[in-house]
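# Take a look and give me a structure for this.
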Amino acid sequence: MQDTKHQIIAEIMRERSSVRKYKKGLRIPKETLEEIIALAGTAPSGWNLQHWKFIVVQEEERKQRLLPIAYNQEQIVDCSAVVAVLGDWEADKNAEKVCDAAVQAGYMTPQARDILVKQIHTTYATDATIDAKDGTINPSLAAMQLMLAAAALGISSCPIGGFKHDELRRELQFPDRYKPIMLITLGYAEKPAHQTIRFPVEDILDYETFGGSTSNQ
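Next up, the predicted model:
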């Protein structure tokens, strides 16, 4: 069973690639989109605050308005849906909601809930970097899961980091609490992604220290 799970996950990871040419005019079923987002939402996050929000754009007119915002990358209008991945830089406001739900589910005692909520609010009040750090790292983890979930359901994807942040905010009307992390196009591939090379493990792995042994023997 474990071997089968590994084979399935490894195959999805190896086959996922960034597709930029999509079949036009095709829509992804609502239930498929919501399953992809639900699986993305299982990503880990600091204190389980779930520092992400997803805006799915399918309307053709809005995609046309997104086109210049994303520097005229044609995949924006050719794809079935554009997902804006937002990072929550005030995720401490979720503390009570998350912890109260954990208490109700029996995962946490009320005493532990009070301690954790206080810890979260204290950290956000005293650490000037945590909003940006956790508000970027955690949505990025969810974004990767989103693309893998899409691949498992036969949906191609491509992450986009190049876009005009302020114009995206105005178009999608999200508040200052949220920062745009990336756009992800979703759809059905017209052409396969171009082939890429990957560094071998020995080029990206050291044991114990940077530049140390590439062997654990």
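# so how far is the first residue of stretch 95-114 from its last?
10 Å (CA to CA, to the nearest Å).
# Next: stretch 68-84.
With CA to CA as the measure, stretch 68-84 spans 15 Å from end to end.
# Buried residues of it, list them for me.
For stretch 68-84, a neighbour-count test (16 or more other CB atoms under 10 Å) marks 69-70, 73, 75-84 as buried. The C-beta positions use only the backbone N, C-alpha and C, and glycine is treated the same way.
# pull the CA atoms of the longest strand seen in the chain into PDB?
Ranked by residue count and defined by DSSP state E, the top strand of the chain is strand 178-187. Only the C-alpha atoms of strand 178-187 are listed here, as PDB (Å, rounded to 0.1, in the frame of the first residue of the first chain):
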ATOM      1  CA  TYR A 178      -4.100  40.400   1.900                       C
ATOM      2  CA  LYS A 179      -1.000  40.500  -0.300                       C
ATOM      3  CA  PRO A 180      -0.800  38.900  -3.800                       C
ATOM      4  CA  ILE A 181       1.600  36.000  -3.800                       C
ATOM      5  CA  MET A 182       1.200  34.600  -7.300                       C
ATOM      6  CA  LEU A 183      -1.300  33.800 -10.000                       C
ATOM      7  CA  ILE A 184      -1.900  30.300 -11.200                       C
ATOM      8  CA  THR A 185      -3.500  29.500 -14.500                       C
ATOM      9  CA  LEU A 186      -5.500  26.300 -14.700                       C
ATOM     10  CA  GLY A 187      -6.900  24.500 -17.800                       C
END
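# still on that earlier bit, what's the farthest-apart pair in the buried residues of stretch 68-84?
Spatial extent of these (CB to CB) is set by the pair Ile69 and Ser80 at 18.3 Å.
# what ranges do the strands span in the chain?
Secondary structure of the chain (DSSP E): strands at 52-57, 81-88, 156-160, 178-187.
# With mean pLDDT and distance to Arg14 added, can I get the ones you listed in CSV?
Putting these into CSV (pLDDT from 0 to 100; distance: least, CB to CB, whole Å) gives the following:
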stretch, mean pLDDT, distance to Arg14
strand 52-57, 99, 25
strand 81-88, 99, 23
strand 156-160, 98, 15
strand 178-187, 99, 19
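# Of all those, which one comes closest to Ala38?
Nearest to Ala38 among those is strand 52-57; the distance by CB to CB comes to 10.4 Å.
# in its sheet, what does the closest one sit against?
In the sheet, strand 52-57 lines up against strand 81-88 (antiparallel) (DSSP bridges).
# Can you check what angle separates the strand it pairs with from strand 178-187?
Strand 81-88 and strand 178-187 are oriented at 160 degrees to each other (axes from the mean of the first three to the mean of the last three CA atoms, to 10 degrees).
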